[in-house]
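**Q** Here's my sequence, what's the structure:
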Amino acid sequence: MKLYIKYMVSLRCKMMVMKELKNLGLHSVVVDLGVVEILEDITSQQHETLKSNLLKSGLELLDNKRSILIEKIKSVIVEMIHYSEEVPKVNYSDYISDKLGYDYTYLANTFSEVKGVTIQQFIIMHKIEKVKELLLYDELTLSEISYKMHYSSAAHLSNQFKKVTGLTPSFYKKLKKKRDGNLENL
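**A** Residues are numbered from 1 along each chain as shown. Prediction:
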């Protein structure tokens, strides 16, 4: 049986869900971002207990099909950008559509209706978060980051970064270094 969980975006979330399942005597087969597969059918009492306990941890057990689809879309995007070694070289629309087995137009329309932003805007926000992370590691140049994240150029990345954050990538990096320097002087 599959269960879908909203806001499940990290290893810590996975561990928390596994603990809650174990406490209820349920055995998980797969625990991924946003989805859990268990061996048993879940009773209504177990379902309500799990739902309540997950809410206390900031997670939400989903019942609505549209909500489940939105979480699947978000999970595919988060996994694609944050947890894959390399961002797929195919169009994001093809990747998401293939991964979920739905027509992209249907996915895009549903996502926009529910979330109030397009899938593309959601992808851009996550790409910029990943770029911030890469900038802070200070291991790659901006050109290398733009190549890794499939931007057409460092200039394109810089423009999009500034549009989303209000800062240039180099200024963002300087702010981080300045803040770190101030913390060291305490």
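
**Q** So what touches the helix or strand harbouring V30?
**A** Assigning secondary structure by DSSP states H and E places V30 in strand 28-32. Residues outside strand 28-32 that contact it (CB atoms under 8 Å, 6 or more residues apart in numbering): 14, 17-18, 21, 36-39, 75. No exception for glycine: its C-beta is placed from N, CA and C like everyone else's.

**Q** Correct me if wrong: K14 contacts L21.
**A** No - contact criterion CB atoms under 8 Å: K14 and L21 do not qualify, at 10.7 Å.

**Q** And these two? Which one has more around it.
**A** L21 (21 against 17; other CB atoms under 10 Å).

**Q** In a helix, the more buried one, correct?
**A** Yes - under DSSP: H, G, I helix; E, B strand; the rest coil, L21 falls within a helix.

**Q** so how far is L142 from it?
**A** As judged by CB to CB, to the nearest Å, L21 and L142 stand 43 Å apart.

**Q** Also L107?
**A** Distance from L107 to L142, by CB to CB: 32 Å.

**Q** domain assignment for the protein?
**A** 1-63, 122-184 (automatic domain parsing).

**Q** For M80, which of those is the nearest?
**A** domain 122-184 (8.3 Å; CB to CB).

**Q** Mind checking the pLDDT average for the closest one?
**A** For domain 122-184, mean pLDDT rounds to 88.

**Q** Buried residues of the longest helix along the chain, list them for me.
**A** Looking across the chain with DSSP state H, the single longest helix is helix 119-137. Residues 119, 122-124, 126-128, 130-132, 134-135 are the ones in helix 119-137 that count as buried (16 or more other CB atoms under 10 Å).

**Q** As PDB, could you dump the C-alpha coordinates of that helix?
**A** Backbone C-alpha positions of helix 119-137 (Å, rounded to 0.1, in the frame of the first residue of the first chain) are rendered in PDB as follows:
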ATOM      1  CA  ILE A 119       6.100  24.300 -12.800                       C
ATOM      2  CA  GLN A 120       8.800  26.300 -14.500                       C
ATOM      3  CA  GLN A 121       8.700  28.900 -11.800                       C
ATOM      4  CA  PHE A 122       9.000  26.200  -9.200                       C
ATOM      5  CA  ILE A 123      11.900  24.600 -11.000                       C
ATOM      6  CA  ILE A 124      13.700  28.000 -11.200                       C
ATOM      7  CA  MET A 125      13.200  28.600  -7.500                       C
ATOM      8  CA  HIS A 126      14.800  25.300  -6.700                       C
ATOM      9  CA  LYS A 127      17.600  25.700  -9.200                       C
ATOM     10  CA  ILE A 128      18.500  29.000  -7.600                       C
ATOM     11  CA  GLU A 129      18.400  27.400  -4.200                       C
ATOM     12  CA  LYS A 130      20.800  24.700  -5.500                       C
ATOM     13  CA  VAL A 131      23.000  27.500  -7.000                       C
ATOM     14  CA  LYS A 132      23.100  29.200  -3.600                       C
ATOM     15  CA  GLU A 133      24.300  26.000  -2.100                       C
ATOM     16  CA  LEU A 134      27.000  25.500  -4.800                       C
ATOM     17  CA  LEU A 135      28.200  29.100  -4.400                       C
ATOM     18  CA  LEU A 136      28.600  28.700  -0.700                       C
ATOM     19  CA  TYR A 137      30.700  25.500  -1.100                       C
END
